[in-house]
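Visitor: I need the structure of the sequence given here:
(one chain, ligands or ions: 1)
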Amino acid sequence: MRVAMIGTGYVGLVTGVCFSDFGHEVTCVDIDADKVAMLNRGEVPIFEPGLDALMATNTEAGRLHFTTDLTSAVKNADAVFIGVGTPSRRGDGYADLQFVYGAAEQIADALDGYTVVVLKSTVPVGTNREVLRRIKARRPDAECDVASNPEFLREGAAIEDFMRPDRVVVGSESDRAREVMRELYRPLSLRETPIVNTTLESAELIKYAANAFLAIKIGFINEVADLCENVGADVQDVAKGIGLDGRIGSKFLHPGPGYGGSCFPKDTLALARTAEEAGAPTRLVEAVVQINDARKRKMATKIVDACGGSVSGKRIGVLGVTFKPNTDDMRDSPSLVILPRLLDLGAEVTAYDPQGRREGEEMMPGVKWADGPYDVCQEADALVLLTEWNEFRALDLRRIADMMRTSVLVDLRNVYRPHEAARAGLAYTSIGRKPSAPS
Ligand code: UGA
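Guide: Here you go, the predicted structure:
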């Protein structure tokens, strides 16, 4: 099949590269000529494990192309995917659809022969139908259908998620379009991946409901963690004890400093707005938005408390600033709330992150940067583990304790066990567990 992918952002690029690996002929289109030139040189503009190798193999095989020429890419395609951004509109939290509609209009002008226009971008309920309406209004003669095909890729594990999905959701009201989609995802039939065929609206809502549910799960375990701290329970045990119930499931029950990233914060807000507007408010989703915002601020207070009530004049080392490991993405990362707050309170903050420094430097002026995990510990009064990168999981805690001025470890991802930190000589504070003193 011939595929055109409009937009080479995170979703567009991963999806385009993975479809080419399925054996389809893929042309990725972007208006940014510099980015297209970069992609044509084989350079990957985002950090996603495995993407560079997959891109190189498929470019070499002649199945993957990058261009700014939307018209010829669309003309030749059986399916045109829209994978452009839908940022939160400033002020009101609604998804901003100008890029989606802009792409739809350009596609309409270029359509030639039967084509399925597929929305990959996360869009509010009703958008697919509106895209179809706009295309038909502009090109009443066009032979095309619209399909909603939401993505469920996690940054850092996106290729695995694409190649081995739990399910593929296809919203469409046309048998012909469904057939094209089935053909595109045929390689997954070997793994018996369920394809969930729905209406346009249901597919749109599945995406938001999935992200909101996961966000609620995280918000819930974070509140339970706070409760554990107050009643002397251990959240790791509680999460395990509830997660083994098949109805609950153990995934997304890791307490932490609050969720971040380009999806949960934006999608929960957008769903809450849509639901309000549709007269069926989602109070649970509204609550988790507030709970998560408050959580990031609360983490700064937790660090201050671990430092004895004040961080003024103290040196704080920070491990990890990205919103999660295996990404360079800083969007809505808890670090963006926590680190500036510590600086405001008079702390001297030095951070290390395997991928986040470039953006972190821009977004958090005043933070100093180190070249490795041990460098941030030098003469520090507290060490804060904020993102659970693999390289932070087996640090030499005794060496760290020896390097620090005051041996305080605040582990906001529960990477270490209280007794091992205590044995290494660290005063240890984590999430939803009793703090431990050096033993
Ligand atoms: C999320 C979803 O997991 C994907 O299925 C979806 O496709 C994607 O959004 C999207 O809409 O595009 P992503 O934002 O890449 O993926 O990251 P997650 O791995 O879901 O993590 C999100 C945040 O939740 C991170 O800040 C992470 O640290 C936090 N988290 C996750 C927890 O605090 N606890 C957990 O148990 C799990």
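
Visitor: assumed residue 23 was part of a strand.
Guide: No. Going by DSSP: H, G, I helix; E, B strand; the rest coil, the assignment for residue 23 is coil, not a strand.

Visitor: wait, isn't it in contact with residue 187?
Guide: Yes. In terms of CB atoms under 8 Å, residue 23 counts as a neighbour of residue 187; the distance is 7.2 Å. Quick note: C-beta positions are derived from backbone N, CA and C, even for glycine.

Visitor: contact residues of the chain facing the ligand?
Guide: For the chain, the residues in contact with the ligand (CB under 6 Å from any ligand atom) are 122, 151-155, 211, 214, 218, 252-254, 256, 259-261, 263-264, 267, 323-324.

Visitor: now those residues: which count as buried?
Guide: Listed as buried from the residues of the chain next to the ligand are 122, 151-153, 155, 211, 214, 218, 252-254, 256, 259-261, 263-264, 267, 323-324; burial here means 16 or more other CB atoms under 10 Å.

Visitor: quick check: what element follows the helix ranked longest in the chain along the chain?
Guide: What stands out as the longest helix in the chain, according to DSSP state H, is helix 200-231. Later in the chain than helix 200-231, the nearest helix or strand by DSSP states H and E is helix 235-243.

Visitor: distance of the residue positioned nearest the centre of the chain from residue 218?
Guide: The chain has residue 261 as the residue nearest its centroid, 4.4 Å off, counting by CA atoms, centre = their mean. Distance from residue 261 to residue 218, counting by CB to CB, to the nearest Å: 11 Å.

Visitor: distance from the chain centre to the longest helix of the chain, please.
Guide: Remark: helix 200-231 is offset 14 Å from the chain centroid, using CA atoms, centre = their mean, to the nearest Å.

Visitor: may I see the buried residues of it?
Guide: 200, 203-208, 210-212, 214-226, 228-229.

Visitor: just stretch 100-110 next, same as before
Guide: Neighbour-count burial for stretch 100-110 [16+ other CB under 10 Å]: 100, 103-108, 110.

Visitor: kindly report the same for stretch 153-163.
Guide: 153, 155-159, 161-163.

Visitor: farthest-separated two in these?
Guide: 155 and 163 (15.5 Å; CB to CB).

Visitor: contacts for stretch 354-367?
Guide: Stretch 354-367 is contacted by residues 47, 318, 320-322, 327-328, 330, 333, 335-336, 339-340, 343, 349-351, 353, 369, 387, 389, 391 when judged by CB atoms under 8 Å, 6 or more residues apart in numbering.

Visitor: give me that answer again for 6 Å
Guide: 47, 321-322, 328, 330, 339, 343, 349, 351, 369, 389 (CB atoms under 6 Å, 6 or more residues apart in numbering).

Visitor: check stretch 64-82 too.
Guide: 1-6, 20, 26-29, 33, 36, 39-40, 58, 100, 103, 106-107, 110, 112, 115-121, 180.

Visitor: ok, stretch 374-385 next?
Guide: Residues contacting stretch 374-385 (CB under 6 Å, 6+ apart): 303, 307, 314-319, 350, 352, 370, 392, 400, 403-406, 408-411, 413, 415.

Visitor: the helix or strand where residue 117 lies pairs with which strands?
Guide: Taking DSSP H and E as the criterion, residue 117 maps to strand 115-119. Applying DSSP bridges, strand 115-119 is found paired with strand 79-82 (parallel), strand 144-148 (parallel).

Visitor: please work out which of those is packed deepest.
Guide: strand 79-82 (a mean of 27; mean count of other CB atoms under 10 Å).

Visitor: what distance separates that one from the centre of its chain?
Guide: Relative to the centre of its chain, strand 79-82 is centred 22 Å away, using CA atoms, centre = their mean.

Visitor: model confidence over it, on average?
Guide: In this model, strand 79-82 has an average pLDDT of 98.

Visitor: what's the next secondary structure element after the helix-or-strand element of the chain with minimal mean pLDDT?
Guide: Sorting the helices and strands of the chain by mean pLDDT, DSSP states H and E puts helix 264-277 at the bottom, at a mean of 93. As assigned by DSSP H and E, the chain's next helix or strand after helix 264-277 is helix 283-306.

Visitor: with just CA atoms, put that next one into CSV.
Guide: Extracted in CSV, the C-alpha atoms of helix 283-306 (Å, rounded to 0.1, in the frame of the first residue of the first chain):
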residue,chain,number,x,y,z
ARG,A,283,-15.8,15.2,37.5
LEU,A,284,-13.3,12.4,38.0
VAL,A,285,-11.2,13.7,35.2
GLU,A,286,-11.5,17.3,36.4
ALA,A,287,-10.4,16.2,39.8
VAL,A,288,-7.3,14.3,38.5
VAL,A,289,-6.2,17.4,36.6
GLN,A,290,-6.2,19.4,39.8
ILE,A,291,-4.7,16.6,41.9
ASN,A,292,-1.8,16.2,39.5
ASP,A,293,-1.1,20.0,39.3
ALA,A,294,-1.1,20.2,43.1
ARG,A,295,1.1,17.1,43.4
LYS,A,296,4.0,18.7,41.5
ARG,A,297,4.0,21.6,43.9
LYS,A,298,3.7,19.3,46.8
MET,A,299,6.9,17.5,45.8
ALA,A,300,8.9,20.7,46.2
THR,A,301,7.5,20.9,49.8
LYS,A,302,8.5,17.3,50.4
ILE,A,303,12.1,18.1,49.4
VAL,A,304,12.1,21.2,51.6
ASP,A,305,10.9,19.1,54.5
ALA,A,306,13.5,16.4,53.9
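
Visitor: quick one: contacts of it?
Guide: 212, 215-216, 219, 222, 257-259, 268, 271-272, 311, 334, 337-338, 341, 384, 408, 410, 429.

Visitor: repeat that with 8 Å
Guide: 212, 215-216, 218-219, 222-223, 257-259, 264-265, 268-269, 271-272, 275, 310-311, 316, 334, 337-338, 341-342, 345, 382, 384, 408, 410, 412, 427, 429, 435.
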